[in-house]
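**Student:** sequence and predicted structure are below.
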Amino acid sequence: MMIELAGAELSSLQLLYRRNKMLGMSFSRLVVYLLLLPAAWVTGFSSPTLHSTSTPSRTSLSMDRRSILESIGSTTVAAISNLEPMRSSSRSMSTATSSPIPSTTLPPRVWLDADPSGLVWTGLDCDDDLAVLVALALHDNHAIQLEGLSVCGGNAPLRHTWKDMQVLLRHADSASSFAPQKGYGWKSMQVSRDWLQTMNRIQPDVLDSKDATQAMIDAAFADDTAQKLTILTIGPPTNLAKALQREPKLTSRLEHVYMMGGELTQQRLDLNFASDRAAARTVVDANVPTTLIPIQTCAQVVLDDVFVRDSEADYCKSNQKNKAAACALLPKMKQQVQTMPELVNKAVAKRMPADKRWIPSPNLDRGFIPWDIVAILAVAYPHLFTEWEYHTVSFPTCPQGEPCDRTMVVSDTLPREQWPSTTNDADAANNYNHSGIVRIPHVVQSETEIKTLMQELLFQTPASTQRPTPRIMLGFLGPLGLSGVTVTTAIGLLARRIFA
């Protein structure tokens, strides 16, 4: 009876977590997901391949990585080696199969907006947390100039993502350098109001904050720099949309907007855009250069059990003094390697038709997709991607209001003469209307190379030596457990009265 009641209480989680970063999960899948959470912490992987007795040596791994890194190019190698990256004009490529963004002498000023939940058991993904750590490494390597961090709801309510970001930055000894700004949460998002209301009845989300939107505006209009601001959203784009609505002149101070989100076959949107489709429309319709890193691009890279095992052996040994901050996320990474192939990746594979150019990672059935790390590498190292093309994108309105049908409409590739990067007239280029036009990198050049780079960057930031490794927070497991106990107790008391 206790198990049945607990299952009844967990049915409310079904309504929320049947959508992961991408797509749906049945209730039975959800139960498996929750059961595997503590298992990942206690036992690690169940796959026999992860208990290999032959652990690769640090020397051989480093040599393999270095050979791959050298093939990526001098910019990437310089960044990983903590050297000032050499940005040559040869990086500027004009063909349709490479990045149309010209090189600059200064790293881009980047504001990162995220919905981290890797330190929360009921958070849907750990890739936001991983992307934050990669952003810190890119900043230290002078590949980007990280201007600030902000937090929104998405993978979890703002109540959980806000706490997650604070814990993560303290663990990485970066809280004083990058004080995160709190933004908008589930209360302002427009997707699946039924299950949002259900979850908020269990534990209401905290109130929204305007701090993140104001901080974005302040960073864009900072008096001490003439360089414009680049904003990357790896969660729902609510904070950025609110900032654009609050300060219409913000577009004049934005160099570029990158958003991890979008679906190119007009099927159901990813979690980021589906959580606030109206916000995605606001950003795409703004007159600012915009790049989408969609489902189909991200799914060309998968972090599998071998990646996690090697990372743990290389950077997170139990007797290792200076562990990487990312080691705290290993339990969630292990859990996602076990669960995401069934819960998410099978549905993602259906978005990668064989007659299209998007070739899914061959490891799609045995790992998780690092959505947000792919997105931030598109900002810092666009040469790792090819077939950059421009498309028109729209999110049609509907009479009943958002979230409508949770799809977006994307055109075929625009003719090259309509691309903003090929406008030779300077005045025409400055007056180009970017509204409704987005740039998309369709193809990852090499999954092996990009994973090698990810690993080097991800485990570069050391953990704080002043604090213990943070434990994964319960998230909704706490209030759901309390609800189950309360219901069970109430039924027990009622039964005693009936049968007394």
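**Tutor:** Nice, thanks for sending it over.

**Student:** what pLDDT is listed against residue 202?
**Tutor:** The predicted local distance difference test score for residue 202 is 77.

**Student:** my read is that it contacts residue 475, right?
**Tutor:** No. With contacts counted by C-beta atoms under 8 Å, residue 202 stays clear of residue 475, the gap being 11.2 Å. (C-beta placed from N, C-alpha, C; glycine too.)

**Student:** show me which of those two is the more surrounded one.
**Tutor:** Comparing residue 202 with residue 475 by neighbour count (other C-beta atoms under 10 Å), the higher total belongs to residue 475, at 23 against 15.

**Student:** can you pull out the strands in the protein?
**Tutor:** In chain order, the chain shows strands spanning 109-114, 145-151, 181-182, 229-233, 254-260, 290-293, 303-304, 367-368, 385-394, 409-410, 437-444, with DSSP state E as the criterion.

**Student:** dump the ones you listed into TSV; add mean neighbour count and mean pLDDT as well.
**Tutor:** Conversion of the strands of the chain to TSV gives the following (neighbours: other C-beta atoms under 10 Å; pLDDT from 0 to 100):
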stretch	mean neighbour count	mean pLDDT
strand 109-114	27	98
strand 145-151	23	97
strand 181-182	23	98
strand 229-233	27	98
strand 254-260	23	97
strand 290-293	25	98
strand 303-304	23	98
strand 367-368	26	98
strand 385-394	19	97
strand 409-410	15	96
strand 437-444	22	98
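
**Student:** tabulate those in JSON lines, adding columns for distance to residue 134.
**Tutor:** Supplementary listing: these in JSON lines, determined by distance: least, C-beta to C-beta, whole Å:
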{"stretch": "strand 109-114", "distance to residue 134": "10"}
{"stretch": "strand 145-151", "distance to residue 134": "11"}
{"stretch": "strand 181-182", "distance to residue 134": "19"}
{"stretch": "strand 229-233", "distance to residue 134": "11"}
{"stretch": "strand 254-260", "distance to residue 134": "13"}
{"stretch": "strand 290-293", "distance to residue 134": "14"}
{"stretch": "strand 303-304", "distance to residue 134": "12"}
{"stretch": "strand 367-368", "distance to residue 134": "15"}
{"stretch": "strand 385-394", "distance to residue 134": "16"}
{"stretch": "strand 409-410", "distance to residue 134": "27"}
{"stretch": "strand 437-444", "distance to residue 134": "16"}
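
**Student:** residue nearest the centroid of this structure?
**Tutor:** A centroid search over the chain (C-alpha atoms, centre = their mean) returns residue 372, at 3.1 Å, as the residue closest to the centre.

**Student:** ok, now how distant is that residue from residue 459?
**Tutor:** Distance, residue 372 to residue 459, using C-beta to C-beta, to the nearest Å: 16 Å.

**Student:** got it, and residue 468?
**Tutor:** As judged by C-beta to C-beta, residue 468 and residue 459 stand 19 Å apart.

**Student:** also residue 414?
**Tutor:** As judged by C-beta to C-beta, residue 414 and residue 459 stand 40 Å apart.

**Student:** more neighbours: which of these two?
**Tutor:** Under the criterion of other C-beta under 10 Å, the comparison of residue 414 against residue 459 puts residue 459 first, with 21 against 16.

**Student:** can you list the weak-confidence ranges in this protein?
**Tutor:** Residues of the chain meeting the criterion pLDDT under 70: 1-104, 191-200, 224-225, 421-429, 479-500.

**Student:** go again using 50 as the cut-off
**Tutor:** Flagging of the chain using pLDDT under 50 yields the residue ranges 1-28, 31-32, 35, 38-63, 73-74, 76-103, 191, 193, 484-487.

**Student:** outside of stretch 210-228, which residues touch it?
**Tutor:** 106, 109, 111, 113, 147-148, 150-152, 181-184, 229, 231, 239-240, 242-243, 246-247, 250, 253-255 (C-beta atoms under 8 Å, 6 or more residues apart in numbering).

**Student:** and that stretch, how far apart are its ends?
**Tutor:** In terms of C-alpha to C-alpha, to the nearest Å, the two terminal residues of stretch 210-228 are separated by 22 Å.

**Student:** over to stretch 343-358?
**Tutor:** With C-alpha to C-alpha as the measure, stretch 343-358 spans 21 Å from end to end.

**Student:** now swap in stretch 387-405 and tell me
**Tutor:** The stretch stretch 387-405 measures 29 Å between its terminal residues, going by C-alpha to C-alpha.

**Student:** and it, how far out from the chain's middle?
**Tutor:** Mean-position distance between stretch 387-405 and its chain equals 20 Å (C-alpha atoms, centre = their mean, to the nearest Å).

**Student:** now do stretch 465-477
**Tutor:** If you compare the mean C-alpha spot of stretch 465-477 with that of the full chain, they lie 20 Å apart, counting by C-alpha atoms, centre = their mean.

**Student:** likewise for stretch 333-351?
**Tutor:** What separates the centre of stretch 333-351 from the centre of its chain is 15 Å, taken as C-alpha atoms, centre = their mean.

**Student:** just the terminal-to-terminal distance for that stretch.
**Tutor:** With C-alpha to C-alpha applied, stretch 333-351 spans 24 Å between its terminal residues.

**Student:** list the buried residues for that stretch?
**Tutor:** Residues of stretch 333-351 classed as buried under the neighbour-count rule (16 or more other C-beta atoms under 10 Å) are 333-341, 343-345, 347-348, 351.

**Student:** which two among the residues you listed are spaced furthest apart?
**Tutor:** Across the buried residues of stretch 333-351, the longest distance by C-beta to C-beta is 25.5 Å; it joins 334 and 351.

**Student:** separation between the residue nearest to residue 353 when sequence neighbours are not counted and residue 407?
**Tutor:** The shortest distance from residue 353 to any residue that is not its chain neighbour, by C-beta to C-beta, 6 or more residues apart in numbering, is 7.1 Å, and that residue is residue 265. Distance from residue 265 to residue 407, counting by C-beta to C-beta: 9 Å.

**Student:** same check on residue 159?
**Tutor:** Residue 159 sits at a distance of 29 Å from residue 407 (criterion: C-beta to C-beta).

**Student:** first vs last residue of stretch 257-265, how far apart are they?
**Tutor:** End-to-end distance for stretch 257-265, by C-alpha to C-alpha: 22 Å.

**Student:** list the contacts of that stretch.
**Tutor:** Counting contacts by C-beta under 8 Å, 6+ apart, the residues touching stretch 257-265 from outside are 230-234, 237, 240, 269-270, 272-273, 280, 283, 286, 288-296, 298, 351, 353, 358, 371-372, 374-375, 378-379, 393, 407-408, 410, 438, 440.
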